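Structure for this input, please:
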Amino acid sequence: MTETIEARSRGHFPADDPMKGLEHDHNYVRQLMQRYLSTSDQQIKQQAGPRICEALEMHTSVEEATFYPRVQQLDPDMIERCLSDHEEADQMIMRLQNLSAGEPEYDALMQELHDAVIAHMALEEEQLFPAVREAAIDLHELANNMQAYESNLVAAQASQSAQRPGQSR
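Coordinates of the predicted model:
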């Protein structure tokens, strides 16, 4: 890519407001998707497409394993909707992984994923995150759990990559 879009430093969820780390992830994905959808440069699409999928997979894994279970009691219906949104995105990501970035079908599916993800992010940022901030939840503990989970996930991915010679990430 001609200009690098940097992700949030992995493993950093501010102790006083771990949702800021999730929002940073949201902004990173928005930027990547905008870059993908606004260009006809095949090289940019081939770089951005897989990065979008990887970022979404990491983000949803952290939310599902640590964040949603801790905030479930605040609004079980909203969490159920968020999990449903994740399932929908996971299905689209699996389909994208069987296509090549820049192909017309990939582009159309990326637009569909974009629309679904943007709606999901709005739900979280406008409704869920404010409710969590106002609730009597230990945000320091939540941030620590989210950091630990993500660090373990990154370490596991690095270990897998090291075991696959000749493959770069």
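
Report the distance from stretch 70-80 to the chain centre.
Remark: stretch 70-80 is offset 19 Å from the chain centroid, using C-alpha atoms, centre = their mean, to the nearest Å.

which residues sit against that stretch?
With C-beta atoms under 8 Å, 6 or more residues apart in numbering as the contact definition, stretch 70-80 has outside contacts at 68, 123, 127-128, 131-132, 135, 137, 142, 145. (C-beta placed from N, C-alpha, C; glycine too.)

and those, which are buried?
Applying a neighbour-count criterion of 16 or more other C-beta atoms under 10 Å, the buried members of these are 68, 128, 132, 137, 142, 145.

Output the contacts of stretch 70-80 in TSV, with pLDDT appended to each entry.
Formatted as TSV, the contacts of stretch 70-80 follow (pLDDT from 0 to 100):
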residue	pLDDT
68	98
123	97
127	97
128	97
131	96
132	96
135	94
137	93
142	95
145	94
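
how about TSV for the buried ones among the contacts of stretch 70-80, with secondary structure added?
As requested, these are exported to TSV (DSSP: H, G, I helix; E, B strand; the rest coil):
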residue	secondary structure
68	helix
128	helix
132	helix
137	coil
142	helix
145	helix
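
Which pair of these spans the longest distance?
Between any two of the buried ones among the contacts of stretch 70-80, the greatest separation by C-beta to C-beta is 17.0 Å, found for 128 and 145.

quick one: low-confidence parts of this structure?
By pLDDT under 70, the weakly predicted segments of the chain are 1-11, 164-169.

what about the helices in this protein?
Per DSSP state H, the chain carries helices over the ranges 19-37, 42-62, 68-71, 76-96, 104-123, 129-134, 139-162.

Compare the ones you listed and report which one is nearest to residue 12.
helix 19-37 (6.1 Å).

what helices or strands is the closest one leaning on?
helix 42-62, helix 104-123, helix 129-134 (3 or more C-beta pairs under 8 Å, 6 or more residues apart in numbering; DSSP states H and E).

how about a cut-off of 10 Å?
Counting contacts by 3 or more C-beta pairs under 10 Å, 6 or more residues apart in numbering; DSSP states H and E, helix 19-37 packs against helix 42-62, helix 104-123, helix 129-134, helix 139-162.

Could you point out which of those sits nearest residue 34?
Closest to residue 34 of the helices and strands packed on helix 19-37, according to C-beta to C-beta: helix 104-123, at 8.4 Å.

centre of the chain versus that closest one, how much separation?
On C-alpha atoms, centre = their mean, the centre of helix 104-123 falls 13 Å from the chain's centre.
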